[in-house]
Structure formats: structure tokens, C-alpha cells
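In: I would like the atomic coordinates for the input below:
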Amino acid sequence: MTRPAGFAVLRAGRGSFLLHRRAALVAALLGVALAVTAVAYLCVGESFVSPAEVVRVLCSAVGGGQPSPDEFVVGTLRMPRLVVGLLAGAAFGVAGSFIQTVARNPLASPDVIGVTQGAGAATVAAMTFNVAAYDTLPYVSILGGLTAASLVYVFAWRKGLHASRFVLIGIGISVALGSLTQLFLTKGDYLVAQQAKVWLTGSLNGRGYDHAAPLASILLVLTPALLWAARAQRTVSFDDDTATALGVRLGRVRLCLTVLGVVLASVATAAAGPVDFVALLAPQIARRLTRTAQIPLLGSALTGALIVTIADLLARKLFSPIELPVGVFTAAVGAPYLMWLIVRTRSRSGGAR
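Out: Take a look at the predicted model:
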């Protein structure tokens, strides 16, 4: 059997798998860019810490070396916020790749089709009316996201899942859930409602390891499922007739990918708030960089983490001493990109006629 162009064969014992060379190179470069951005993130703040001191603090935390005088600023104030941003960005990127693969539409993402709005509405209701303990908010968020996704899936299903109908119904449900969230805000305590409004914008301010722990735990638990999904994405990318001829149960695979995407987006929303457009941007940027037929999972995760980290760094410093929510910057980039995608999609549809 001939090896496809652009791929390398990696062997581990009796097993072997194909590795896309360009995708591997892009992932490595994204990893380097993310590491540089993370160091810059830890350096910049109200007080500047040199990169050498940042590396010293990190080495001290990992290896128990000599403590640094900047350990409190870097390790206690900035590092937890960075970890939440990295994990949430990666989760949003992977969630977006799953949703776009299932819908076969670059316009589809958890924040466009109502998943993050459902997670946000459930979390805001729990915060505003104090109906759930703080530690259970991530699970409330998952429940809200799954409920919203179920509504979209049910209403969009008509002897199959049509991409345009899936996106349009998702947009309608997201608008309805946004209105419901505003209703919750008007009925609750004023101070809690103000905190919820800031959270709804998508903010990493005040985030700590207690916010990162549930997200990290769920990502760890879902690792085997994510490895399966990376392989399943290839078959779902085929047209229905080809996938069915290969023996793929499309309905079951699409449902599993959708559930994975919804869970990841919901937990990321619980940790960092509904940071809009990361799940929309990251998969498409990664796909254009790798030039692969399907959306690269690792590339999407690294791109999502990079987008959130850069956006939060700008949010902290661009208008200092005023600190903006990270969602403001992601929306400023994502909204024009969404409009460009809509125009491009309509132009292609018109040309096809």
C-alpha cells in the first residue's frame, strides 16, 4: 500500500500510523509561539519581571530550586490566570473543531449555535438565584450546554443534519437564550448580577487554580475519547455515501463528536466565561495553516490557547490601568471574521447556482 503524499509513517512496536508532515511542523511552531507568549504574559503586568526571572520561578516551582523574589507575582498572581486561559482556549479550539466537522460548516461553533449561551444561561441562573454551590457551577454549565445543543440537534434534524439549517436554528436558539439570561440578571441580586455581567463578557480576572482544576480534570478524563475523535474526524469528513460505504455509522459518530464538543465548550465557559469566537476562529486558522482535508485537533487546541493568551495580554495592558475582559478582544476580531465568512459562503452559493 502506497503512502499518501505529505505523510510519514511512524511505527511503535507492531503498530504504525500516518503523520501529516506539515501538520506536525505547524503544531511544533504553534507550541513554540505559545511558550514565548506564555513567558511574555508572565513578564508583563503592573510590575515588569524579566524573562530570566520568570524562567527561574518556573524552574523553582517544578524542581524545587532556589526561590525567587518575584515568586509571588509570577507564581501566585499571574500563573493561575494563565493556566485557566491556556486550558479554556484549548478546550474552545477543540470544541469548535468538533462542531464544525459535524456541521461541515465553518460558520458553526459553540458560541454561534447556542451552546455557550446555554451554558451561560444555566450558570448565570445558578449564580443569580444561588441555587447551586460554587463548586458545582462547572456541572451546571455542562447541563446548560447539553440542553441547548439537544434543542438545536432536535429542531435541525430532518431525515439528516443539514448544515445551513443547523446553523440558523442554532443562531435562533442562542438569541433566545441570551434574552433568557438578561431576564435572570434583572430578577437577581444587584451585586451578583453585576458580577455575572462581567463573567458573561468572558474574563480571566480573578481566575485561579480552583477554576482550572475542573477543566483540567475533565480534559484528562476525556483524553481517550479525544484520541478516538481525532481518528473519527477523518471518516466524518467524507460525504455521506462514501462514509456509509466504509461502514461508518455516521449518526452515532456525529452524536459522539457533538457531545464531546458541547462538554468541552461548556466546561471552558464555566471556567472563563463565554469567550466568544475562539471556537470559531481557532479551527479555521489551524486548518488554513496545515492545509489538511480535515480540521487538525492538536492545531486547533494550540491555536485556541494562543488566541486567548494573546487577547488577555492585550486586555490587561493595552488600556492600562483599565483592564478589559478578554472576550472584548476576541469579539473584536471574531465578529468581522464571522461576517466575512457569511459573505464568502453566500458568494459561493450564488456562484454554484
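In: Give me the residues contacting stretch 167-183.
Out: With Cβ atoms under 8 Å, 6 or more residues apart in numbering as the test, stretch 167-183 has contacts from 103, 105, 107-108, 111-115, 117-118, 120-121, 124, 148, 151-152, 155-156, 200. For the C-beta atoms, the positions are set from N, CA and C on the backbone; glycine is no exception.
In: Ok, stretch 26-41 next?
Out: Residues outside stretch 26-41 that contact it (Cβ under 8 Å, 6+ apart): 51, 54-55, 78, 82, 86, 286, 289-290, 296, 298-299, 302-303, 305-306, 309-310, 312-313.
In: okay, and for the stretch 51-200 of the chain, where does confidence drop off?
Out: Along the stretch 51-200 of the chain, the model assigns pLDDT under 70 to residues 63-68, 159-163.
In: in it, which spans are strands?
Out: Applying DSSP state E, counting those that start in this stretch to the stretch 51-200 of the chain gives no strands.
In: Let me see the ranges of the helices in it.
Out: Secondary structure of the stretch 51-200 of the chain by DSSP state H, counting those that start in this stretch: the helices cover 51-63, 71, 79-103, 115-129, 137-156, 163-187, 190-201.
In: need these in CSV with mean neighbour count and distance to Gly334, can you?
Out: Shown next, in CSV, are the helices of the stretch 51-200 of the chain (neighbours: other Cβ atoms under 10 Å; distance: least, Cβ to Cβ, whole Å):
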stretch, mean neighbour count, distance to Gly334
helix 51-63, 15, 29
helix 71, 15, 36
helix 79-103, 28, 11
helix 115-129, 27, 12
helix 137-156, 21, 19
helix 163-187, 17, 14
helix 190-201, 15, 13
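In: Format the ones you listed as CSV; extra columns: distance to Val326.
Out: Shown next, in CSV, are these (distance: least, Cβ to Cβ, whole Å):
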stretch, distance to Val326
helix 51-63, 21
helix 71, 25
helix 79-103, 7
helix 115-129, 14
helix 137-156, 17
helix 163-187, 19
helix 190-201, 8
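In: so which of those helices comes closest to Pro274?
Out: helix 115-129 (4.2 Å; Cβ to Cβ).
In: before we move on, back to that, and the helices of the stretch 51-200 of the chain: which comes nearest Arg252?
Out: Closest approach to Arg252 among the helices of the stretch 51-200 of the chain (Cβ to Cβ): helix 79-103, 11.9 Å.
In: any idea how far Thr235 lies from Leu297?
Out: 14 Å (Cβ to Cβ, to the nearest Å).
In: Comparing these two, which residue is more hemmed in?
Out: Leu297 (23 against 16; other Cβ atoms under 10 Å).
In: so which strand or helix has the residue lying closest to the more buried one once chain neighbours are set aside?
Out: The shortest distance from Leu297 to any non-neighbouring residue, by Cβ to Cβ, 6 or more residues apart in numbering, is to Ala230 (4.6 Å). Element membership of Ala230 [criterion: DSSP states H and E] is helix 223-236.
In: Tell me the helices and strands packed up against that helix.
Out: In this structure, helix 223-236 packs against helix 79-103, helix 250-272, helix 297-317, with contacts taken as 3 or more Cβ pairs under 8 Å, 6 or more residues apart in numbering; DSSP states H and E.
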